[in-house]
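[1] predicted model and sequence below, questions to follow.
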Number of protein chains: 2
Amino acid sequence: MPAPTSAPADPHRHDAKPRRRVGRPAAAVLDQDGITAAALQLIGKSGYEGFTMAALARTLNVAPSALYNHVSSKRDVLVLVQDHLTSFVDVSAFDAEPWDQAVRRWAWSYRDVFSKHTPLIPVIAVLPVTDAPKTLAMYEAVGAGFARAGFPQGRIVSAIVALESFIFGSAYDVTAPEDIFDSGSMADSTPNFTAAVQHQDLEGYDKPADVAFNLGLEAMIERFGALRG
Amino acid sequence: MPAPTSAPADPHRHDAKPRRRVGRPAAAVLDQDGITAAALQLIGKSGYEGFTMAALARTLNVAPSALYNHVSSKRDVLVLVQDHLTSFVDVSAFDAEPWDQAVRRWAWSYRDVFSKHTPLIPVIAVLPVTDAPKTLAMYEAVGAGFARAGFPQGRIVSAIVALESFIFGSAYDVTAPEDIFDSGSMADSTPNFTAAVQHQDLEGYDKPADVAFNLGLEAMIERFGALRG
DNA sequence: ACCACTAAATGAATGCCGTTCATTTAGGAT
DNA sequence: ATCCTAAATGAACGGCATTCATTTAGTGGT
């Protein structure tokens, strides 16, 4: 009886999100793509605190319970959103530029996309690729790029995972408050760190998060690059 | 006058647990240290799903509302737990071993501590150090180690942040399901990545997460080490 | 043209959750 | 003995995700 939660091939296709007249039910008003788009829009407007099954239903002119015919949980919606966002990550450089440049472009865009969606990180980081086809497609593009660049087969996945872990952690960093390292009244007991914070070199970047991301990313690119055959 | 609506969220400088005979208040059944200890124990027993203000109150034989005399929100409790956990991170090597070994020991222990507490990561990553004295103490130990090793002042914080970002991301990775990269029925459309997954080299480690962590960490240690004067 | 079947929507109900608040309790200070 | 006040209580409150019996309206078969 319950509707399938993830079926790639849907019998009922295209139906925008028109407002059916109120009152009693209608024909197909909802599908996963429509839910995903509405969710993304809602998140953009209200943030993740405002992202509620009730609020999502409201933007779709539907009762909250109706969503559960197309999705099995709120987490499910987050997975749909996550996978959709992944298609905004730029992997194009992997077949247009040298390996190191491609990794650079990919990593920065990956970080930028998800720094605006950090609540999704705990979801992505642990999600089987089977549940996220577009994410899998990204891995394929990246993995192919590594292989083409002469990366040893046995280390491709580990290298990607290491980069991705760094990217996720760095995405949080982007959202941290500027004064996160102000030691305030405790400065006396932490002289070394306090001094280091004060003398931090921005190296021409706008934000400290960018300096740190550049530093770590370039370290990995250089060292990983040396693994190529 | 009714009772105050919000308890002090500020741990302030004293974090010992002496019975302050400041000559004011009444019998104390609850305090922040007791709450922190109970919270940690509850999390260990029931996980973060079972970690509820009501459940926490129950283990302390107290009404849920009583907690709010000592803590201003559930998030506050998480901050206390987070800061407490940080004292389990091993920074001892920074005054006993060479820089690279010290970073290694610190990073692995940091990752191991928080891989069991990933729900805290979104909290830590964005938390001003002022609210977490033990965390600040850790930064001081690490920062001092970097300075002593001849690290250029202006880059100490960026290097630590980069390492920490990598550590946080990698902590998630530890908790990922083993088959997270099984592409299942989609294997045909992702030949490169699927092959890379199949041929992944474990390099003698138990878990793929450890291989990736080692790879990224050693890259950073080597490259950052070259920055020392 | 009828009818049976079924996917999809409803709205009420459920059970939890974090948090608030008026009130009570009991120790130290004067 | 009395006042003062921090700390504890228990009953609310509003919000949340999710479930379920029921209703609706299209579709496909005869």
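    Done, it's in. Numbers count the residues shown, from 1 in each chain, chains lettered A, B, ... in the order given.
[2] got a list of what the closest residue to residue A:95 other than its chain neighbours touches?
    Once flanking residues are discounted, residue A:95 sits nearest to residue A:145: 7.1 Å by Cβ to Cβ, 6 or more residues apart in numbering or on different chains. Every residue, glycine included, has its C-beta placed from N, CA and C. For residue A:145, the residues meeting the contact criterion (Cβ atoms under 8 Å, 6 or more residues apart in numbering or on different chains) are A:91, A:94-95, A:99, A:102-103.
[3] just to be sure, which of those residues are found in helices?
    Secondary structure of those is defined by DSSP state H; positions in helices are A:99, A:102-103.
[4] with distance to DNA strand D, neighbour count and pLDDT added, can I get those in JSON lines?
    JSON lines is the format used below for the ones in helices among the contacts of residue A:145 (distance: Cβ to the nearest atom of the strand, whole Å; neighbours: other Cβ atoms under 10 Å in any protein chain shown; pLDDT from 0 to 100):
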{"residue": "A:99", "distance to DNA strand D": "42", "neighbour count": "19", "pLDDT": "98"}
{"residue": "A:102", "distance to DNA strand D": "38", "neighbour count": "24", "pLDDT": "98"}
{"residue": "A:103", "distance to DNA strand D": "37", "neighbour count": "25", "pLDDT": "98"}
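[5] now the residue nearest to residue A:95: how far from residue A:202?
    Separation of residue A:145 from residue A:202 (Cβ to Cβ, to the nearest Å) stands at 31 Å.
[6] one more: residue A:52?
    Noted for residue A:52: a distance of 39 Å to residue A:202, by Cβ to Cβ.
[7] ok so, going back, a markdown table for the ones in helices among the contacts of residue A:145, including distance to residue A:171?
    Listed next are the ones in helices among the contacts of residue A:145 as a markdown table, based on distance: Cβ to Cβ, whole Å:
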| residue | distance to residue A:171 |
| --- | --- |
| A:99 | 23 |
| A:102 | 20 |
| A:103 | 17 |
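[8] tell me if stretch A:46-55 is near DNA strand D.
    Yes: under the criterion of Cβ under 7 Å from any atom of the strand, stretch A:46-55 makes contact with DNA strand D via A:51-55.
[9] kindly report the same for stretch A:81-91.
    No: counting by Cβ under 7 Å from any atom of the strand, DNA strand D has no neighbours in stretch A:81-91; the shortest distance is 13.1 Å.
[10] what's that stretch in contact with?
    Counting contacts by Cβ under 8 Å, 6+ apart, the residues touching stretch A:81-91 from outside are A:36, A:39-40, A:43, A:102, A:105-106, A:109-110, A:113-114, A:117, A:120, A:123-124, A:127, A:131-135, A:137-138, A:141-142, A:145.
[11] start to end distance for it?
    From its first residue to its last, stretch A:81-91 covers 19 Å (Cα to Cα, to the nearest Å).
[12] ok, now stretch A:58-77?
    As for stretch A:58-77, its first-to-last residue distance stands at 15 Å under the measure Cα to Cα.
[13] ok, and for that stretch, which residues are buried?
    Using 16 or more other Cβ atoms under 10 Å in any protein chain shown as the test for burial, stretch A:58-77 gives A:60, A:62, A:67-68, A:70-71, A:76-77.
[14] pull the contacting residues for the residue sitting furthest away from the middle of chain A.
    Distance from the C-alpha centroid of chain A, by Cα atoms, centre = their mean, peaks at residue A:188 (39.4 Å). Under the criterion of Cβ under 8 Å, 6+ apart, residue A:188 has no neighbours.
[15] so for it, what's the pLDDT?
    The predicted local confidence for residue A:188 comes out at a pLDDT of 96.
[16] which strands and helices sit next to the longest helix seen in chain A?
    Using DSSP H to define each element, chain A has its longest helix at helix A:153-174. If contacts are counted by 3 or more Cβ pairs under 8 Å, 6 or more residues apart in numbering or on different chains; DSSP states H and E, helix A:153-174 sits against helix A:99-115, helix A:121-124, helix A:133-148, helix A:208-225, helix B:153-175, helix B:191-198, helix B:208-225.
[17] just say which of these is most tucked in.
    Highest mean neighbour count of the helices and strands packed on helix A:153-174: helix B:153-175, a mean of 24 (counted as mean count of other Cβ atoms under 10 Å in any protein chain shown).
[18] so for that helix, what's the average pLDDT?
    In this model, helix B:153-175 has an average pLDDT of 98.
[19] now swap in stretch A:205-223 and tell me
    If you average the pLDDT values across stretch A:205-223, you get 98.
[20] that stretch near chain B at all?
    Yes: using Cβ under 8 Å from any Cβ of the partner chain, a contact is recorded between stretch A:205-223 and chain B, made by A:208-209, A:211-213, A:215-216, A:218-220, A:222-223.
[21] ok, and what's touching that stretch?
    A:100, A:103-104, A:107-108, A:111, A:159, A:162-163, A:166, A:170, A:173-174, A:176, A:178, A:200-203, B:155, B:157-159, B:161-163, B:165-166, B:216, B:218-220, B:222-224.
[22] gap between that stretch and the chain center?
    Distance of stretch A:205-223 from its chain centroid, counting by Cα atoms, centre = their mean, to the nearest Å, is 19 Å.
[23] only alpha carbons, please: show that stretch as PDB.
    As requested, the backbone C-alpha atoms of stretch A:205-223 are provided in PDB (Å, rounded to 0.1, in the frame of the first residue of the first chain):
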ATOM      1  CA  TYR A 205      42.600  35.800   0.800                       C
ATOM      2  CA  ASP A 206      39.400  37.300   2.100                       C
ATOM      3  CA  LYS A 207      38.700  34.900   4.900                       C
ATOM      4  CA  PRO A 208      40.800  32.700   7.200                       C
ATOM      5  CA  ALA A 209      38.800  29.700   6.100                       C
ATOM      6  CA  ASP A 210      40.000  30.200   2.600                       C
ATOM      7  CA  VAL A 211      43.700  30.300   3.600                       C
ATOM      8  CA  ALA A 212      43.400  27.100   5.600                       C
ATOM      9  CA  PHE A 213      41.500  25.400   2.800                       C
ATOM     10  CA  ASN A 214      44.100  26.400   0.300                       C
ATOM     11  CA  LEU A 215      46.900  25.300   2.500                       C
ATOM     12  CA  GLY A 216      45.500  21.800   3.100                       C
ATOM     13  CA  LEU A 217      44.300  21.300  -0.400                       C
ATOM     14  CA  GLU A 218      47.600  22.200  -2.000                       C
ATOM     15  CA  ALA A 219      49.400  19.900   0.400                       C
ATOM     16  CA  MET A 220      47.200  17.000  -0.700                       C
ATOM     17  CA  ILE A 221      47.400  17.900  -4.400                       C
ATOM     18  CA  GLU A 222      51.200  18.000  -4.300                       C
ATOM     19  CA  ARG A 223      51.700  14.800  -2.300                       C
END
